[in-house]
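**Q** Take this sequence and fold it.
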Amino acid sequence: MTAFATISTAVQAMRLGAFDYVQKPFESDEILVLVDRALQHAQLVAENQAFHANADARPELVLIGEAHSMQDVKDRI
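**A** The predicted structure follows:
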């Protein structure tokens, strides 16, 4: 949040990890919307991390059989 908004300070803030950039004066509704968006973003990041953690932990597929047709199935998988 700043009272002295410039494009360069907005860009710098975003590069440093700011979720958004708000210029004073602001409406309280604007802050509520930004906080809601930030919470939704954090939830999506957490879900994405959990998905990737579960995908990496998935057990390896084991198929039994030495027939040529079974080898073809393994190769396709």
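**Q** so which helix or strand takes in the residue nearest the centre of the chain?
**A** In the chain, the centroid-proximal residue (Cα atoms, centre = their mean) is Val45; its distance is 3.6 Å. In this assignment (DSSP states H and E), Val45 forms part of helix 28-56.
**Q** List the buried residues of that helix.
**A** Buried residues in helix 28-56, counted by 16 or more other Cβ atoms under 10 Å: Leu34. Where you see a C-beta, it was placed from the backbone N, CA and C, and this is true even at glycine.
**Q** Could you tell me how far the residue lying farthest from the centre of the chain is located from Lys74?
**A** When distances to the mean C-alpha position of the chain are computed (Cα atoms, centre = their mean), the maximum falls on Ala67, with 43.4 Å. Remark: distance between Ala67 and Lys74 (Cβ to Cβ, to the nearest Å) = 11 Å.
**Q** where does this structure dip in pLDDT?
**A** Of all residues in the chain, those with pLDDT under 70 make up the ranges 58.
**Q** so what's the nearest residue to Glu30 once chain neighbours are set aside up against?
**A** Counting by Cβ to Cβ, 6 or more residues apart in numbering, Glu30 lies nearest to Val22, which is 6.8 Å off, once chain neighbours are set aside. When contacts are counted by Cβ atoms under 8 Å, 6 or more residues apart in numbering, Val22 is found next to 1-2, 30-31, 34.
**Q** Please apply the same query to Met70.
**A** Residues touching Met70, when contacts are defined by Cβ under 8 Å, 6+ apart, comprise 63-64.
**Q** That one: which element?
**A** Using DSSP H and E, Met70 falls in helix 68-76.
**Q** coming back round to it: ok, of the contacts of Val22, which one's closest to Val62?
**A** Of all the contacts of Val22, Leu34 has the smallest distance to Val62: 49.2 Å, by Cβ to Cβ.
**Q** Measure how buried the closest residue in space to that closest one that isn't next to it in sequence is and give me the count.
**A** Once flanking residues are discounted, Leu34 sits nearest to Asp20: 5.2 Å by Cβ to Cβ, 6+ apart. Neighbour count of Asp20, defined by other Cβ atoms under 10 Å: 16.
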